[in-house]
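Chemist: What follows is a predicted protein model with its sequence.
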Amino acid sequence: MDTYRKRSIRHPLLYLSIVGLIAAVLIFIWNMWFGIAYTLVFMIVLLYAWKVENITYLEVEKYIESLSFRMKKVGEEALLEMPIGIVLVNDKFLIEWANPYMSQLLDVETLIGEELFILSDDLHGLTKSEEKKEIIVSIREHKYRVVYKQEEKLLYFFDVTERLKIESKYYADRSVIAILFIDNYDEITQGMDDQSRSLTNTTVTSIINNWAFEHGIYAKRINSDRFLAILNEAILHDLEKKKFSILDDIREKTAQKNLSLTLSIGVGIGSSSLIKLGELAQSSLDLVLGRGGDQVAIKQADGKIKFYGGKTNPVEKRTRVRARVISHALQDLMQDSDQVFIMGHKNPDMDSIGSGIGVRKMAVMNDVKSYVVINFDELNGSVSRLMDEIENHSDFYENFLSPDEALSEMTDKSLLVILDTHKPSLVVDERLLKRFEKVVVIDHHRRGEDFIPNTTLVYMEPYASSTAELVTELLEYQQEADSITKLEATALLSGIIVDTKSFTLRTGSRTFEAASYLRKHGADTILVQRLLKEDISTYIERSKIIQTVEFIYPGIAVANGKENQSYDSVLIAQTADTLLTMKDVTASFVIAHRPDGLVGISARSLGEINVQLVMENLGGGGHLTNAACQIEAESIEETKRLLQNAIFETLEGRNEE
């Protein structure tokens, strides 16, 4: 206040006095009587100004004192009586002071001296994290947003229970669109008479309508094999808890009537736009069908996807009509291109190389220059022996190029064909994907979330044994002006034999038809056996890995390589195959360090356990009986723990179903 008074008098009135004094002196010099009159008037004005200034000061001082008192009172009330928790802690996170609200909340007289974490164990994460500044915790059936001021060691607790309830209700009521598709409806009903088809329709419609009515879902049949369902997210969460039991109901109840029908469901969530939800649902359904059907995909607006089901091996649903259509479409694309470049996956196997040789032959049949892109440093084992055979006994070895050579040879009119994979991260060189405008994908794996973008033509058949089988069928519909040679047929047959484990796994009638076609064109089974022979050192190395085997669950065997040694991916896969042939083993997993610094897991199953789901939990993929993944981990033991958790989650989901 003194400062205010000094400033208010000393500055304005002082300046006024100085100016008045100077004016008085000048007037006295000019005229004494005028000087006296001026001085009297000036003194009266100066006294009046001082009085006004003093009154103003007193009023302001009184106002500030009143405001200060009110602010202090409000501050005390806010600190002690507002419904906000305030806690002050020391460096050891012992409570030094807490406002009455916190004591009332916990129904205690005082919290002073108590550990902060008696309020909630979740506060550990908040106090230890340098980045996290707030967290939601539960205290006495209430939800609180806790804001932590690290420098002051101060925590604020805001009750957000009602807000979270409103948010939860909002999200629970959001619309969800689902498309239900009867996977093999056309195949099952094709040979039925009208009465049998009508009974089948009634059976399926009854099962789906009863399921929809039970869960409060609006379902409408929009086609012979499609239903449209409208629900909300609360209902969807309930369906997720039950692992979409409708999949089992359809499969089991139709099986009782000698109908092998399965159901695929695509779900779109997370958007307020009905158009967007419909697009997400259709995209999810396409993804499910690409993975073999008999499962559910839930796709959110941000691109995240969840899968349910997929417990059974997909029933073969391919038709020769589709194979012929794809073959002719690929023929047109080749004829519209000046060159065809064929690329498989990293660390190629016989299926990748064999199918690449088959597609190269298709290009030759259509008089189009073609090249197979491989990384020569990644060739080993049977693939190396096949390449040696091609170099010594064929005229197309020069058609194999490195990625750099392919980049220099390609033009804007060139076509790129990707084989035996659909993931950008697994192709030989991702640079090629970005350079080509026309890209074709031919693969037999179940479709995953990561997919090559902007493809011109996709031929994915998870029901096929191998990509070599698919390419063989495509070759059958090409012109026979230049039939496939003995070595080309042998390479394709090698791919089929390797992926089917000599026709013991994932084989259908079409597999044997493809093998018969190749045998008819001279495929040499003796040469195949010679190509697939392994070194004694490889056999010994595999035996050493098998010695580490342990059963983490009944029927589930896990083996691993040495901690300080890297292993070839083919050796890891072969070891998993060998383990699966052992007594009491229904699923095998082999863990080992890879030359690229990652830790690889190769998984095999006889069908009781879906190893694809296990590997997808760890970022990999594959088939129900054959899958793999590569992860960044510091040790084998760490990877084994991650694998065990993934297996447990898969088994838990299967048991709940």
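Modeler: Yep, it's here. Numbers count the residues shown, from 1 in each chain.
Chemist: rest of the way, CA atoms for contacts and neighbours
Modeler: Will do.
Chemist: Once you drop chain neighbours, what's closest to residue 465?
Modeler: In space, residue 465 comes closest to residue 506 once its chain neighbours are excluded; the distance is 5.3 Å by Cα to Cα, 6 or more residues apart in numbering.
Chemist: can I assume the one you found sits in a helix?
Modeler: No. Judged by DSSP: H, G, I helix; E, B strand; the rest coil, residue 506 forms no part of a helix; its state is coil.
Chemist: Would you mind giving the domain segments of this protein?
Modeler: Per the record's domain assignment (automatic domain parsing), the chain is made up of the domains 2-80, 85-164, 183-309, 335-532, 537-656.
Chemist: weakest of these by average pLDDT?
Modeler: Mean pLDDT is lowest for domain 2-80 among the domains of the chain, at a mean of 67.
Chemist: how near is the residue positioned nearest the centre of the chain to residue 436?
Modeler: Within the chain, the residue whose C-alpha comes closest to the C-alpha centroid is residue 304; the distance, by Cα atoms, centre = their mean, is 5.3 Å. Relative to residue 436, residue 304 is positioned 27 Å away (criterion: Cα to Cα, to the nearest Å).
Chemist: do residue 537 as well
Modeler: 42 Å.
Chemist: Equivalent analysis for residue 527, please.
Modeler: Residue 527 is 36 Å from residue 436, where distance means Cα to Cα.
Chemist: Then residue 247?
Modeler: In this structure, residue 247 and residue 436 are 40 Å apart, going by Cα to Cα.
Chemist: More neighbours: those two, which one.
Modeler: Higher neighbour count among residue 247 and residue 436: residue 247, with 22 against 18, using other Cα atoms under 10 Å.
Chemist: Verify the contact between the more buried one and residue 293 for me.
Modeler: No. Counting by Cα atoms under 8 Å, residue 247 sits too far from residue 293 to count as a contact (10.3 Å).
Chemist: Common neighbours of those two, please.
Modeler: When contacts are counted by Cα atoms under 8 Å, 6 or more residues apart in numbering, residue 247 and residue 293 have 262-264 as shared neighbours.
Chemist: Pick the one among these closest to residue 516.
Modeler: Distance from residue 516 was checked for each of the shared contacts of residue 247 and residue 293 by Cα to Cα. The minimum falls on residue 262, at 30.5 Å.
Chemist: ok, back up a step: out of the domains of the chain, which comes closest to residue 323?
Modeler: Distances from residue 323 to each of these were compared by Cα to Cα, and the smallest falls on domain 335-532, at 6.2 Å.
Chemist: to the chain's geometric centre, what's the distance from the closest one?
Modeler: In terms of Cα atoms, centre = their mean, to the nearest Å, the centre of domain 335-532 is found 28 Å from the chain centre.
Chemist: Now do that domain: distance from first to last residue.
Modeler: The first and final residues of domain 335-532 sit 35 Å from each other (Cα to Cα).
Chemist: cool, stretch 102-121 as well?
Modeler: Taking Cα to Cα, the span from the opening residue of stretch 102-121 to its closing residue is 16 Å.
Chemist: Check which residues of it are buried.
Modeler: By neighbour count, and taking 16 or more other Cα atoms under 10 Å as the criterion, the buried residues in stretch 102-121 are 102, 110-112, 116, 119.
Chemist: would JSON lines of those with distance to residue 519 and secondary structure be doable?
Modeler: Formatted as JSON lines, the buried residues of stretch 102-121 follow (distance: Cα to Cα, whole Å; DSSP: H, G, I helix; E, B strand; the rest coil):
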{"residue": "102", "distance to residue 519": "82", "secondary structure": "helix"}
{"residue": "110", "distance to residue 519": "87", "secondary structure": "coil"}
{"residue": "111", "distance to residue 519": "84", "secondary structure": "coil"}
{"residue": "112", "distance to residue 519": "86", "secondary structure": "coil"}
{"residue": "116", "distance to residue 519": "76", "secondary structure": "helix"}
{"residue": "119", "distance to residue 519": "74", "secondary structure": "coil"}
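Chemist: just those residues now: which is nearest residue 150?
Modeler: For residue 150, the nearest member of these is residue 116. The distance, counting by Cα to Cα, is 13.9 Å.
Chemist: Please list all residues in contact with the closest one.
Modeler: When contacts are counted by Cα under 8 Å, 6+ apart, residue 116 touches 89, 93-95, 123.
Chemist: Same check on residue 87?
Modeler: For residue 87, the contacting residues are 95-99, 102, 154-156, by Cα under 8 Å, 6+ apart.
Chemist: Can you tell me how far residue 434 is from residue 412?
Modeler: According to Cα to Cα, residue 434 stands 12 Å off from residue 412.
Chemist: before we move on, what about residue 594?
Modeler: As it turns out, when the distance is counted by Cα to Cα, residue 594 lies 36 Å from residue 412.
Chemist: next one: residue 104
Modeler: Relative to residue 412, residue 104 is positioned 74 Å away (criterion: Cα to Cα).
Chemist: after the helix or strand where residue 219 lies comes which helix or strand?
Modeler: Under the criterion of DSSP states H and E, residue 219 resides in strand 218-223. Towards the C-terminus, the helix or strand next in line after strand 218-223, according to DSSP H and E, is strand 226-232.
Chemist: Check whether residue 348 sits in a helix, strand or coil.
Modeler: coil.
Chemist: And the strands in the stretch 51-200 of the chain?
Modeler: In chain order, the stretch 51-200 of the chain shows strands spanning 85-89, 95-98, 134-139, 142-149, 154-159, 175-182, with DSSP state E, counting those that start in this stretch as the criterion.
Chemist: what's the most buried one of these?
Modeler: For the strands of the stretch 51-200 of the chain, the largest average neighbour count (mean count of other Cα atoms under 10 Å) is found in strand 175-182, namely a mean of 24.
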